[in-house]
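Colleague: Predicted coordinates and the sequence they were generated for:
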Amino acid sequence: MSFNLRGAIMQNIAGSDEEKVEATIQDAIQSQEEKMLPGLGVLFEVYWQGASEQEKQEVIQQISQELKQ
């Protein structure tokens with residue numbers, strides 16, 4: 001049996017407004033539950049697919065800087 005986790009997450013977050021997206025991100029981070037990581041990954045994928053090359057570079061730089069701390 002195969003389960004499409006990405007599809008299920010996309011279905012759950014489809015049509016979310018900015019407040020709902022922020023609440024989802026904050027909840028995932030604050031709960032520190034590993035089961036929330038795939039949802040954050042899908043949100044990041046959605047962002048990445050719509051980001052310009054400059055936005056992608058800024059995110060890469062920010063993440064790299066945070067990982068050095």
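Modeller: Yep, that arrived. Numbering: from 1, shown residues only.
Colleague: if we look at the helix or strand that contains Gln26, which residues are touching it?
Modeller: Assessed by DSSP states H and E, Gln26 sits inside helix 18-31. Helix 18-31 is contacted from outside by Ile13, Ser16, Met36, Leu37, Gly39, Leu40, Leu43, using CB atoms under 8 Å, 6 or more residues apart in numbering. All C-beta spots, glycine's among them, are computed from the backbone N, C-alpha and C.
Colleague: List the buried residues of it.
Modeller: Thr24, Ala28 (16 or more other CB atoms under 10 Å).
Colleague: Which positions in the next helix or strand after it come out as buried?
Modeller: Per DSSP H and E, helix 18-31 leads on to helix 37-50 as the next helix or strand towards the C-terminus. Using 16+ other CB under 10 Å as the test for burial, helix 37-50 gives Gly39, Val42, Leu43.
Colleague: Turn the residues you listed into CSV, including pLDDT and distance to Val21.
Modeller: Shown next, in CSV, are the buried residues of helix 37-50 (pLDDT from 0 to 100; distance: CB to CB, whole Å):
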residue, pLDDT, distance to Val21
Gly39, 93, 11
Val42, 95, 11
Leu43, 96, 7
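Colleague: With distance to Ile9 added, can I get those residues in CSV?
Modeller: Formatted as CSV, the buried residues of helix 37-50 follow (distance: CB to CB, whole Å):
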residue, distance to Ile9
Gly39, 5
Val42, 4
Leu43, 8
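Colleague: what about the helix holding Gln26, average pLDDT?
Modeller: Averaged over helix 18-31, pLDDT sits at 95.
Colleague: export that helix as PDB, just CAs?
Modeller: Extracted C-alpha coordinates of helix 18-31, given in PDB (Å, rounded to 0.1, in the frame of the first residue of the first chain):
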ATOM      1  CA  GLU A  18      -1.100  33.900   5.500                       C
ATOM      2  CA  GLU A  19      -2.300  33.600   9.100                       C
ATOM      3  CA  LYS A  20      -2.900  29.900   8.800                       C
ATOM      4  CA  VAL A  21       0.500  29.300   7.100                       C
ATOM      5  CA  GLU A  22       2.300  31.200   9.900                       C
ATOM      6  CA  ALA A  23       0.400  29.300  12.600                       C
ATOM      7  CA  THR A  24       1.300  26.000  10.900                       C
ATOM      8  CA  ILE A  25       5.000  27.000  10.800                       C
ATOM      9  CA  GLN A  26       5.000  28.300  14.400                       C
ATOM     10  CA  ASP A  27       3.200  25.200  15.700                       C
ATOM     11  CA  ALA A  28       5.600  22.800  13.900                       C
ATOM     12  CA  ILE A  29       8.600  24.700  15.300                       C
ATOM     13  CA  GLN A  30       7.300  25.100  18.900                       C
ATOM     14  CA  SER A  31       6.100  21.500  19.200                       C
END
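Colleague: Many thanks, I have nothing further to ask.
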